[in-house]
Structure formats: C-alpha cells, structure tokens
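>>> would you be able to build a 3D model of this:
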Amino acid sequence: MDSIKHKRTLAARRAKRTRATIHGTSEVPRLSVKRSLKHIYAQLIDDTVGKTLAAASNKDVKVDGKKTDVAKEVGKIVAERAKAKGIERVVFDRGSARYHGRVAALADGAREGGLKF
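Numbering: from 1, shown residues only. Presented below is the predicted three-dimensional model:
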C-alpha cells in the first residue's frame, strides 16, 4: 500500500510543478487533461473565477479503436465546444502526465479543431 501512496504523492508533486506557471483566464483558459488507464478527460477552466467553460471526454466520442485515436477525437470535440463559446487560444495543462501518447494525441486533435496553444 505504501508504494501506491508514494506514486500518488509523486504524481501530485509533478502536477503542482506543472501548474505553478500555468494560469487560465476567461480570454485564454487552461486546457486541463486528465488521463486514467481507461478514460481521458479534457476541460477548459477559467482560474480567475474557478469555473469550467467546456469539457469533453471519451464518453462523448462515438469512435472505437485505439486509445490515441479516441483521445484525438476528444481533442476535436473540446475544440469545437470552445469555438462555440468564442475561445480560440488556450494554455495547455498536462497535469502529472507526460506529453506523450494519448495526451499528445488530444493536443493534436485540439489543434486540428482550431485551438491555438
């Protein structure tokens, strides 16, 4: 059990270090990505008021296949929801995850959808 607690502590440290310089506003919100073994979630967050402006997850996607393909579709969905709210620029927040695999695929999908990082 201690190893699981230690991993969570290290992940929390990485997330805190990543978010130390990242701050979203209503004009340029933070695109926060949460990745688990099974799911991937993306939110556009305005940190000045602490409100989620738009969100998407793999539960919104109708595509089956590789997890990276699903993550790319999630990025496209969150981008179109952001465009509907008039948001074009975001600050990317990967949290404790590395910019690799599904996280990078989600970012690529958001860029294809028209968001600028």
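
>>> C-alpha only now, for contacts and for neighbours.
OK.

>>> list the contacts for residue 46?
By CA atoms under 8 Å, 6 or more residues apart in numbering, the contact set of residue 46 is 24, 25, 26, 28, 29, 30, 52, 53.

>>> tell me the bridge partners for it.
Assessed by DSSP bridges, residue 46 has beta-bridge partners residue 51.

>>> could I get the full set of strands for the chain?
Assigned by DSSP state E, the chain shows strands spanning 30-35, 40-46, 51-57, 91-93.

>>> so can I have CSV of those showing distance to residue 5 and mean pLDDT?
Output for the strands of the chain, formatted as CSV (distance: least, CA to CA, whole Å; pLDDT from 0 to 100):
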stretch, distance to residue 5, mean pLDDT
strand 30-35, 18, 95
strand 40-46, 22, 96
strand 51-57, 26, 96
strand 91-93, 23, 93
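
>>> just the buried ones out of the contacts of residue 46, please.
24, 25, 26, 28, 29, 30, 53 (16 or more other CA atoms under 10 Å).

>>> now tabulate those in CSV and tack on distance to residue 65.
Conversion of the buried ones among the contacts of residue 46 to CSV gives the following (distance: CA to CA, whole Å):
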residue, distance to residue 65
24, 32
25, 35
26, 34
28, 32
29, 30
30, 28
53, 28
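
>>> let me know the closest of the residues you listed to residue 75.
Closest approach to residue 75 among these (CA to CA): residue 30, at 13.6 Å.

>>> ok, now which ones touch that closest one?
Taking CA under 8 Å, 6+ apart, one finds 22, 23, 24, 43, 44, 45, 46, 47, 90, 91, 92, 93 in contact with residue 30.

>>> top of those by neighbour count?
Highest neighbour count within the contacts of residue 30, by other CA atoms under 10 Å: residue 44, with 29 neighbours.

>>> hmm, residue 57 and that one touching each other?
No. Counting by CA atoms under 8 Å, residue 44 sits too far from residue 57 to count as a contact (12.0 Å).

>>> before we move on, the earlier item: the contacts of residue 46 into a markdown table, with extra columns for distance to residue 79?
Output for these, formatted as a markdown table (distance: CA to CA, whole Å):
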| residue | distance to residue 79 |
| --- | --- |
| 24 | 16 |
| 25 | 17 |
| 26 | 15 |
| 28 | 13 |
| 29 | 12 |
| 30 | 12 |
| 52 | 14 |
| 53 | 12 |
